[in-house]
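Student: whatever this is, show me its structure:
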Amino acid sequence: MKRTLSVLVEDEAGVLTRIAGLFARRSFNIESLAVGPAEQVGISRITMVVQGDDREIEQITKQLYKLINVLKVQDISEVPCVERELMLIKVNANSSNRSEILELVQIFRARVVDVAEDSLIVEVVGDPGKMVAIVQVLQRFGIREISRTGKVALTRESGVNTEFLKALEARV
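Tutor: All right, here's what the predicted structure looks like:
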């Protein structure tokens, strides 16, 4: 099962290396990783997606807390949260299919950030499902390159579970 971990760490050199080393020693693969400054000066938030069951995630959490610079570890997989990724896609686009690609980009609320004679670069921001969907749609035009950030996520203070709302909406 994919799990999302949010880790607050002191913003010091080598912290990410120690965390990555811990995961490597335990034979855990980090599928997605995003690191950046948190709300407090000198603190960074690491958001990572890993595969693991409850026992494995509990074990890795305990190991993370043993690292000196780790302040807080939270498994936010089952917690209502806002999740986003950024992806840039360079897709083949000529005069005959460019308008169709532009229509698809609008449907996904993405935007074109570069136009060349034979290609477009599209910027997509959204949840991981949106990323998969737009790649599938644009695949038939020929994707030249993809660059994708890791998932970033914050827990919802409102407690609103968007997965529950999506399921409810699908039934209506």
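Student: which other helices and strands contact the lengthiest strand in the chain?
Tutor: If you go by DSSP state E, the chain has its longest strand at strand 81-92. Judged by 3 or more Cβ pairs under 8 Å, 6 or more residues apart in numbering; DSSP states H and E, strand 81-92 is in contact with strand 119-126, helix 128-138, strand 143-148, strand 152-155. No exception for glycine: its C-beta is placed from N, CA and C like everyone else's.
Student: and the angle for that strand with strand 143-148?
Tutor: 160 degrees (axes from the mean of the first three to the mean of the last three Cα atoms, to 10 degrees).
Student: can you list the weak-confidence ranges in the chain?
Tutor: Scanning the chain for pLDDT under 70 picks out the ranges 162-172.
Student: helices of that one, start to end?
Tutor: Counting by DSSP state H, the chain has helices at residues 15-25, 54-66, 98-107, 128-138, 162-171.
Student: quick one: the fourth one to strand 143-148, angle?
Tutor: Counting by the same axes, to 10 degrees, helix 128-138 points 170 degrees away from the direction of strand 143-148.
Student: buried residues in helix 128-138?
Tutor: Applying a neighbour-count criterion of 16 or more other Cβ atoms under 10 Å, one finds 128, 130-131, 134-135, 138 buried in helix 128-138.
Student: hang on, the earlier thing: using JSON lines, lay out the helices and strands packed on strand 81-92 together with distance to residue 15.
Tutor: Shown next, in JSON lines, are these (distance: least, Cβ to Cβ, whole Å):
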{"stretch": "strand 119-126", "distance to residue 15": "27"}
{"stretch": "helix 128-138", "distance to residue 15": "25"}
{"stretch": "strand 143-148", "distance to residue 15": "23"}
{"stretch": "strand 152-155", "distance to residue 15": "18"}
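Student: out of the ones you listed, nearest to residue 80?
Tutor: strand 152-155 (6.9 Å; Cβ to Cβ).
Student: okay, now the sheet partners of the closest one, with direction.
Tutor: Strand pairing for strand 152-155, determined by DSSP bridges: strand 81-92 (antiparallel).
Student: give me the buried positions along the strand it pairs with.
Tutor: The neighbour-count check on strand 81-92 (16+ other Cβ under 10 Å) flags 81, 83, 85-92 as buried.
Student: on that earlier part again, and the buried residues of helix 128-138 as JSON lines, adding distance to residue 38?
Tutor: What follows is those, written out as JSON lines (distance: Cβ to Cβ, whole Å):
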{"residue": "128", "distance to residue 38": "22"}
{"residue": "130", "distance to residue 38": "25"}
{"residue": "131", "distance to residue 38": "24"}
{"residue": "134", "distance to residue 38": "29"}
{"residue": "135", "distance to residue 38": "30"}
{"residue": "138", "distance to residue 38": "34"}
